[in-house]
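Enquirer: for reference, the sequence and a predicted model appear below.
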Amino acid sequence: MKRLWLASSLIFILGLLSLVGIRLLEASGAPASDTLVIYNWGDYIDPELLKQFEREYDTKVIYETFDTNEGMLAKIEQGGTTYDVAVPSEYMVEVMKEKELLLPLDHTKLPMLQHIDPYFLDLPFDRHNTYSLPYFWGTVGVAYNPKLLEGQTFESWDDLWDPSLKGRVIVVDSAREVLGVGLNKLGYSLNSKDEREIQQAMLELEAFSPNVKAFIGDEVTQLMINEEAAVALTWSGQAADMMDVNDDITFAIPKEGSNIWFDNVVIPKTSRNVEGAHAFIDFLNRPDVAAKNATYVGYATANKDALALMDEEITSDERYYPPVDIREQLEVYENLGLKWVGRYNEYFLQYKMYTQRIN
Amino acid sequence: MKRQSTNVLLIVPYSVWLIGFVILPIGLIAYYSFIGIDQQWTLDNFATFFTSTYFTLTLHSFWYAFLITTFTLLFAYPTAYLITKSKHKQLLLLLIILPSWINLLLKTYAFIGMMGLHGPMNALIQAFGFPSQQILFTDFSFIFVSVYIFIPFMILPIFNALDELDRSYVDAARDLGATRWTTFRKVIFPLTIDGVKAGIQVVFIPALSLFMITRLIAGNKVITLGTAIEQQFLVTQNWGMGSTIALFLLIFMVIIMIFTTPRHKGGVTRGK
């Protein structure tokens, strides 16, 4: 019994000592004002740039990642985090604005703002860019592998309905993108709040069901690379990831139009280093940095002066930098509000169940 | 008197756990199920649950859970029986349990590769001279992977039941002229029914709410209540509806528990 007591006291003391040790080590590190906590999507920045920023600004960068807008929102909303910079998509900027989770940007501390293409500034989801600046942008379209197909192209959404594609199309598991295809095909708005329009879109989509191979998320990249599937309805950036590895794959934006999305840098209320956050945002907008980042990530940059510094082969690629006339056809998602997000998802659930039934 | 107070003290940690992590969350689920998307008290969620969409969804979930449980049982019972007959019981049992130490997600991802058009399963099919098949994203792949994942959980209770079965009953039945099949039907199976029930319980209940495998292996062409809950919480942000579905799932689970819990205490399902 005595030995047991001795042993447990020893373990207890050891535990206590290591705790004190950890605390001491942490305290001797950089003070809080010199660290910058960045909360971004996975693999969405050139890691070299983080090191470059650390060197140039003598700041320690802590980089954390998320994989859904909603997941990010939950972590920031519930507090207990100290993120200085976050990268929500446009509709999520609106949500975060409404929930008062964002700090306004001080434009006087962001001189590199002048390099951003005005086309991407002052958009409906954040007028005057009070809270956000564009990071990357992209579209929704069709990634496909001509090698596995019999000469089909995807100039129109109708082409996805081709009977020869039976069971061959992978569809992104996301309500707005999928219902959006139906709405786009009929020429309706992607932000439709008209039950009749959505129901018509549903009928269109039901006719497309036999062609659906699966509804999945990020796994689509690997499946396309491995030539498990010939066609995927997906985001341009995901298509870029596929094309990096498999040269046969290409990407098309159908002519009826599609969605254009933006990921944006914001400073959440949780920030403890607002000064550093501004410095980092401005750093990202420096043309040389933006060019390096866009080349690494593969999405389209909104920085017009960065384009000049990038490989011609990338910037002239109309699949990623669509010409203005196609851009005109593209529509930004608006925040539909909880009720309509719910409706869209109910319809999408019904659609998935319909597809299950007929397959 | 002193003894009594020590006992009370011993109960404290578990009670705190029970209240904090079991009772409170269930209470919260029940509470949220009455909250609408506009944060007001409402019964709408329940009305929605009884629409055809969720009714069909519930039937689907039960049907797939039934199929998974049946195939798991058909595979697990003979396996457990053979293990009890073997000289290397512990080794074989270890081999059965071993895969359950590997993370579920990793195993699932491995199956994506194995079942692909260019994967080993199709290579085998082609070696027999058949054209390559679409295996992934079908009902077959979904049931197959689910059965694979649940097998250890079914084998263990059945093995325990079989292992504790008194051999003399079997010998007596055989001596009295029963055929092997009759012995199994009238003696072995009834005496191990509690193990089977426990196995069904640990397979059927989680199978009802599978969601990750439905996406990765069935490509969301199999939709279960689990998928619906995930979507309500993560995408739609409608915690109320998500909670309502979870509440019904909970009720279904309790009903299944009642039917599959062994009636007499100290039965053969006791672990070793």
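Expert: Yep, it's here. Numbers count the residues shown, from 1 in each chain, chains lettered A, B, ... in the order given.
Enquirer: which of the three states applies to A:Gly15?
Expert: When classified by DSSP: H, G, I helix; E, B strand; the rest coil, A:Gly15 comes out as helix.
Enquirer: mean confidence score for the helix or strand hosting B:Ala172?
Expert: Taking DSSP states H and E as the criterion, B:Ala172 maps to helix B:167-175. Across helix B:167-175, the average pLDDT comes to 92.
Enquirer: count of neighbours near A:Lys255?
Expert: 14 (other Cβ atoms under 10 Å in any protein chain shown). No exception for glycine: its C-beta is placed from N, CA and C like everyone else's.
Enquirer: ok, now the one 3 residues further on?
Expert: Per other Cβ under 10 Å, the neighbour tally for A:Ser258 reads 25.
Enquirer: angles on the backbone of it, please.
Expert: Main-chain dihedrals, A:Ser258, degrees, to the nearest 10: phi -160, psi -170.
Enquirer: for it, give its distance to A:Glu328.
Expert: 12 Å (Cβ to Cβ, to the nearest Å).
Enquirer: same check, this time on A:Pro124
Expert: 15 Å.
Enquirer: identify the residues contacting the closest residue to chain A within chain B.
Expert: Closest residue of chain B to chain A, Cβ to the nearest Cβ: B:Gly219 (2.3 Å). By Cβ atoms under 8 Å, 6 or more residues apart in numbering or on different chains, the contact set of B:Gly219 is A:Ile170, A:Lys213, A:Ala214, A:Phe215, A:Ile216, B:Leu136, B:Phe137.
Enquirer: wait, is the fourth one part of a strand?
Expert: Okay, so that is A:Phe215. Yes - counting by three-state DSSP, A:Phe215 is part of a strand.
Enquirer: that one: neighbour count?
Expert: The burial count for A:Phe215: 26, using other Cβ under 10 Å.
Enquirer: kindly provide the distance from the closest residue to it other than its chain neighbours to B:Ile143.
Expert: In space, and not counting its chain neighbours, A:Phe215 is closest to B:Asn220: 3.8 Å by Cβ to Cβ, 6 or more residues apart in numbering or on different chains. Shown here: B:Asn220 relative to B:Ile143, a distance of 16 Å by Cβ to Cβ.
Enquirer: with only the CA atoms kept, save the helix holding B:Ala172 in CSV.
Expert: This file holds the C-alpha atoms of helix B:167-175, laid out as CSV (Å, rounded to 0.1, in the frame of the first residue of the first chain):
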residue,chain,number,x,y,z
ARG,B,167,-20.8,-29.6,-24.7
SER,B,168,-22.7,-32.3,-22.9
TYR,B,169,-26.0,-30.9,-24.2
VAL,B,170,-24.8,-31.4,-27.7
ASP,B,171,-23.5,-34.9,-26.9
ALA,B,172,-26.8,-35.8,-25.3
ALA,B,173,-28.8,-34.7,-28.3
ARG,B,174,-26.6,-36.7,-30.6
ASP,B,175,-26.8,-39.8,-28.3
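Enquirer: put the alpha carbons of whatever helix or strand comes next after it into CSV.
Expert: Using DSSP H and E, the next helix or strand after helix B:167-175 towards the C-terminus is helix B:180-183. In CSV, the C-alpha atoms belonging to helix B:180-183 read as follows (Å, rounded to 0.1, in the frame of the first residue of the first chain):
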residue,chain,number,x,y,z
ARG,B,180,-26.6,-32.8,-36.8
TRP,B,181,-29.1,-30.3,-38.2
THR,B,182,-31.7,-31.1,-35.6
THR,B,183,-29.1,-30.7,-32.9
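Enquirer: got a list of what residue 150 touches?
Expert: In the absence of a named chain, chain A is used. A:Ser164.
Enquirer: wrong one, chain B
Expert: By Cβ under 8 Å, 6+ apart, the contact set of B:Phe150 is B:Ile68, B:Thr69, B:Thr72, B:Val202, B:Val203, B:Pro206, B:Ala207.
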